[in-house]
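S.K.: My questions are about this predicted structure, shown below with the sequence.
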Amino acid sequence: MSSNKSFIAAAVQLRPQASLQQNLAAAETLIKQAAEAGSELVVLPENFAYLGRSDLAQVGLTEQHNGPVYEFLKQQAQRHSLWLVGGTVPVCDANSVKPFARSWLFDPQGNLAQHYDKIHLFDVDVPKSAGEVLQRVTYRESDDYRSATDVVVAGTEHCRLGMSVCYDLRFAELYRQLADADAQVVAVPAAFTAATGRDHWELLLRARAVENQLFVIGANMVDRDHARRGLWGGSAIIDPWGTVLARVDDEPGVAIAEIDLDRLAEIRSKMPVAQHRKLGA
């Protein structure tokens, strides 16, 4: 059992399946595995249900009012009595048919506690990865999604949870704002490419954890050998010292670790970097 100052968290790593139903079934299996291991906070990857779909505007309208993935996440959180970060789901609002990449947070009663809409969209030209695994060269996430602006930290019974998504990880200023808003743990649902993930995924997770003295939970999609859109995997839970507490490599699975907030307080007390800031304070 966890104390009031510690709890068990899990990062779920999934491989894309051929249908929504198969994706949800795969997620259900690993959420159950995480729950049976005592996890009280579970993070799913970015776009775990709809990756590869071309009809994202229609999906966003479907999910706008308690769609199939919303209901699935609600039921899973309630069934296992845990806090669940639902990766991301395309969701439209009343102002546009172009969806946000929305990360929902459900509480153990199945209530929607908070949501975060992805701020930084992945508009890049990705080089061919090492090992000559071909990648789709151009990604233009803004063709399909709207960018948001709000920085979100959610209160849970276990911690102050900062919310972010994938490409956000490259923007240190976001995580500084999360830390300034008293985040203790940050969730990073992701679908990091194999080309960039090999070199940067864990490096960036550890950097954001160390420079902001946070626990970071990175839950990634995996499919490294896909000819067009390889996905790195490597889901991990990092402590505020940059130590990798748990990791999944290149297969679906669950990384599970204890989040010890006393450890966080100790690190911040002995090395009070927030108090020592001279620039941008």
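M.R.: Received the coordinates, thanks.

S.K.: low pLDDT regions in the stretch 151-281 of the chain?
M.R.: 281 (pLDDT under 70).

S.K.: at 80 what do you get?
M.R.: Applying pLDDT under 80 to the stretch 151-281 of the chain picks out residues 227-228, 280-281.

S.K.: can you give me the strands in it?
M.R.: Assigned by DSSP state E, counting those that start in this stretch, the strands in the stretch 151-281 of the chain fall at 153-155, 160-163, 185-190, 215-220, 222-223, 231-232, 236-238, 244-247, 253-260.

S.K.: Tell me which residue is most central in the chain.
M.R.: What sits nearest the mean C-alpha location of the chain, by Cα atoms, centre = their mean, is Pro189, with 1.6 Å.

S.K.: from what I can see that one touches Val42, true?
M.R.: No. Applying Cβ atoms under 8 Å as the test, Pro189 and Val42 come out as separate, 11.0 Å apart. Placement of C-beta: from N, CA and C, glycine included.

S.K.: about what we covered before: to Val85, which of the strands of the stretch 151-281 of the chain lies closest?
M.R.: strand 185-190 (4.6 Å; Cβ to Cβ).

S.K.: Which strands or helices does the closest one pack on?
M.R.: Applying 3 or more Cβ pairs under 8 Å, 6 or more residues apart in numbering; DSSP states H and E, we find strand 185-190 packed against strand 41-43, strand 160-163, helix 194-212, strand 215-220.

S.K.: Measure how it sits relative to strand 215-220, angle-wise.
M.R.: 10 degrees (axes from the mean of the first three to the mean of the last three Cα atoms, to 10 degrees).

S.K.: and strand 185-190, which strands flank it?
M.R.: Strand 185-190 has the following strand partners under DSSP bridges: strand 160-163 (parallel), strand 215-220 (parallel).
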